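Trainee: any chance you could fold what I've pasted below:
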Amino acid sequence: MPLVCGSMKSIARCFRRQDALFLLMSALVVTLYVNVAGGGFALDDSWIHQTYGRNLAETGQWAFLPGVPSAASTSPLYTLLLALGYKLGVNYQLWAYALGALTLTVAGMLGARLAERLAPNQRYIGLIAGLSLVLSWHLIWAAASGMETTLFSIMTLLLIWLAWAELDTTHRSEAKAAAGRGARFGVVAALAALARPEGVVLAALIGGVMLVVRPHKSWRILATWLVCAAIGFFVFIAPYSVYNLQLTGGLLPDTAAAKQAEHAPLLALSYPARLVNMTFPLIAGGQFLLIPGIAYFAVVIFHRLRNKSAHALFLLLLLLWPLALIGLYAARLPAPYQHGRYVIPALPSLILAGVVGMMWFAQRGRATLIGRAASRALMISTALVYLYFAFGAGLIAYRQDVHIINEEMVASARWIADNIPPAELLAIHDIGAVGYFAPRPILDLAGLVSPEVVPVILDEEGLWTLMQQRGVRYLMAFPDQVPGKDITDSRLCSVFTTNGAASRSVDGPNMTIYALSWDGLCP
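Mentor: Predicted coordinates:
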């Protein structure tokens, strides 16, 4: 496909005609999802991001509650981008959706270039790979959800692109050039880690591959690249790391310890079972039919490795990274809910491997009638299933998710804003919408902005005692979020229930707000 920008091939400066299609499709699908859902976000965590972004823009503070510094944002880079929208005076929802559509576009652009590198002789491979990313319903869902998922996804693709660029050492073997490329990689790795902490895993994985393969064929050049990459990484990551150390005593935000503590019971499952649970949500869609392509991609790459082509290890990053991410979450936070939201960033690499593998398989199958028929049937089926999920099942899932958040979390937050005095202390499990629409003192029962909760997060009496000691007057929670899960507890005096239809339609609970009566007597 011809280039709009002439002969320049740098992905950072070159815009191709097919990229305009990726942009158009991304804007179309995100707009469609948002309009069908009627506005809002599919996760309460999206409102946490909005609250941090607004507070940063308006007060200059990194805080969920103004005046109370906290480190509950797992994506400071995304928070900064949201804060920019508030500074510019753009409608916050429009800005979030635009960021989602833009990052989805860039995912398509990067995916197209990576696929073309893998299969340069395959016609339309870039277009097919790019559209496979842009029309993946998980990624559309994430792009329209006001979350950092697609931002982190493009950072992972960019890191893989930069790693593959080290294979082109013919004219780049000088130490000075290697230093520049290493520093650039380190900066991108830091930005990836600031988009999601898991970015460190991919950067370390790439560093390990560099040590094994040594594409420059020179220890001096490799050392230069690694040292400059480390310098670039630590310079850009240092401010946030220092902030976390001062605030939490660790390098990670409070959310890491809080979520691990809350989901500790899930670790009782065997590790293989956790792996299956974390993988299963990712195959719901057209990517299920890409599994043969992923398998064939693995066969081809391993064949190259057996033939002493160490460079093939770089190409294997498309599979090593998803395996590492899924394996990490299965080990530490095996929470597969919300369509596998934590491991969705594994999908772009898997989709690329599947598309390229399928095209390789189709090319090999052209020699026989059965091979041609089988490969064409698989490709047509994959395209149809992709479209069904992008414009059917995925759209329905997103609309339902948004309606649940709007009818449960947002409705409760607006009721609190209208009916509970701002000075009253509330205990809340899902804090996002309340923080945005009804900012006031809270005790976060999920421990994200209240780290004192983490040690007793699974201790029923410990939570009740902490709430009483802190003088909590109201509790907002789903039935399974009430300490002890007993909604008949005499200390609970129900004052508001959402009665949201969307949650009930999937046999889910409704959010309830309770006035707390510490003497067990409700008025």
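Trainee: show me where the stretch 351-500 of the chain has its strands.
Mentor: Along the stretch 351-500 of the chain, the stretches classed as strands by DSSP state E, counting those that start in this stretch are 426-428, 442-444, 474-477, 492-497.
Trainee: any idea which helix or strand comes after the longest one?
Mentor: Once strand 492-497 ends, the next helix or strand along the chain (criterion: DSSP states H and E) is helix 501-505.
Trainee: now do the buried residues in that next one.
Mentor: Counting neighbours by 16 or more other C-beta atoms under 10 Å, one finds that the buried residues in helix 501-505 are A502, S503. Every C-beta, even on glycine, is put in place using the N, C-alpha and C of the backbone.
Trainee: chain center to stretch 174-186: distance?
Mentor: Relative to the centre of its chain, stretch 174-186 is centred 28 Å away, using C-alpha atoms, centre = their mean, to the nearest Å.
Trainee: next: stretch 148-160.
Mentor: Mean C-alpha position of stretch 148-160 versus that of the full chain (C-alpha atoms, centre = their mean) differs by 9 Å.
Trainee: so what are the domain limits for the protein?
Mentor: Residue ranges for the domains of the chain, per automatic domain parsing: 1-146, 166-262, 263-365, 400-516.
Trainee: and the ones you listed, which one's lowest on average pLDDT?
Mentor: When the domains of the chain are ranked by mean pLDDT, domain 166-262 comes last with a mean of 85.
Trainee: now do the end-to-end distance for it.
Mentor: 42 Å (C-alpha to C-alpha, to the nearest Å).
Trainee: how about the strands of the stretch 351-500 of the chain, which one is nearest F314?
Mentor: strand 442-444 (42.9 Å; C-beta to C-beta).
Trainee: highest mean neighbour count out of the strands of the stretch 351-500 of the chain?
Mentor: Highest mean neighbour count among these (mean count of other C-beta atoms under 10 Å): strand 426-428, with a mean of 26.
Trainee: give the partner strands of that strand in its sheet and their orientations.
Mentor: Based on DSSP bridges, the strands next to strand 426-428 in the sheet, each with its direction, are strand 442-444 (parallel), strand 474-477 (parallel).
Trainee: run through who's touching the first one.
Mentor: When contacts are taken as C-beta atoms under 8 Å, 6 or more residues apart in numbering, the neighbours of strand 442-444 outside the stretch itself are 65, 425-429, 431, 434-435, 449-450, 453, 466-467, 470, 472.
Trainee: if we use 10 Å, what do you get?
Mentor: The set of residues that contact strand 442-444 without belonging to it, under C-beta atoms under 10 Å, 6 or more residues apart in numbering, is 64-65, 68, 70, 72, 254, 258, 425-431, 434-435, 449-454, 463, 466-467, 470-472, 474-476.
Trainee: so how far is it off the chain centroid?
Mentor: With C-alpha atoms, centre = their mean as the basis, the mean position of strand 442-444 lies at 25 Å from the chain mean.
Trainee: numbering from 363 from now on, please.
Mentor: In the new count, where the first residue is 363, that last one comes out as strand 804-806.
Trainee: what sits against A552?
Mentor: Under the criterion of C-beta under 10 Å, 6+ apart, the contact partners of A552 comprise 439, 517, 561-562, 565, 591, 594-600, 602-603.
Trainee: just the buried ones from these?
Mentor: Buried residues within those, counting neighbours by 16+ other C-beta under 10 Å: L439, M517, G561, V562, A565, A591, G594, F595, F598, I599, Y602, S603.
Trainee: the fifth one contacts L588, correct?
Mentor: Read it as A565. No. The pair formed by A565 and L588 falls short of the contact definition of C-beta atoms under 10 Å, at 11.2 Å.
Trainee: common neighbours of these two, please.
Mentor: F547, G548.
Trainee: rewinding a little: tabulate the buried ones among the contacts of A552 (a markdown table), appending distance to D848 and secondary structure.
Mentor: Converted to a markdown table, these look like this (distance: C-beta to C-beta, whole Å; DSSP: H, G, I helix; E, B strand; the rest coil):
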| residue | distance to D848 | secondary structure |
| --- | --- | --- |
| L439 | 41 | helix |
| M517 | 44 | helix |
| G561 | 41 | helix |
| V562 | 41 | helix |
| A565 | 46 | helix |
| A591 | 53 | helix |
| G594 | 53 | helix |
| F595 | 48 | helix |
| F598 | 48 | helix |
| I599 | 44 | helix |
| Y602 | 40 | helix |
| S603 | 41 | helix |
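Trainee: from these, which is closest to I742?
Mentor: The closest of the buried ones among the contacts of A552, once distances to I742 are taken by C-beta to C-beta, is M517, at 33.1 Å.
Trainee: nearest residue to that closest one in space, please, no chain neighbours.
Mentor: The shortest distance from M517 to any residue that is not its chain neighbour, by C-beta to C-beta, 6 or more residues apart in numbering, is 3.7 Å, and that residue is A554.
Trainee: what does S879 give?
Mentor: Going by C-beta to C-beta, 6+ apart, S879 has C855 as its nearest residue, at 5.2 Å.
Trainee: residues contacting that neighbour?
Mentor: C855 neighbours (C-beta under 10 Å, 6+ apart): Y836, L837, I875, Y876, A877, L878, S879, G882, L883, C884, P885.
Trainee: between those, which is closest to R546?
Mentor: The shortest gap between R546 and any of these belongs to L837, at 49.7 Å (C-beta to C-beta).
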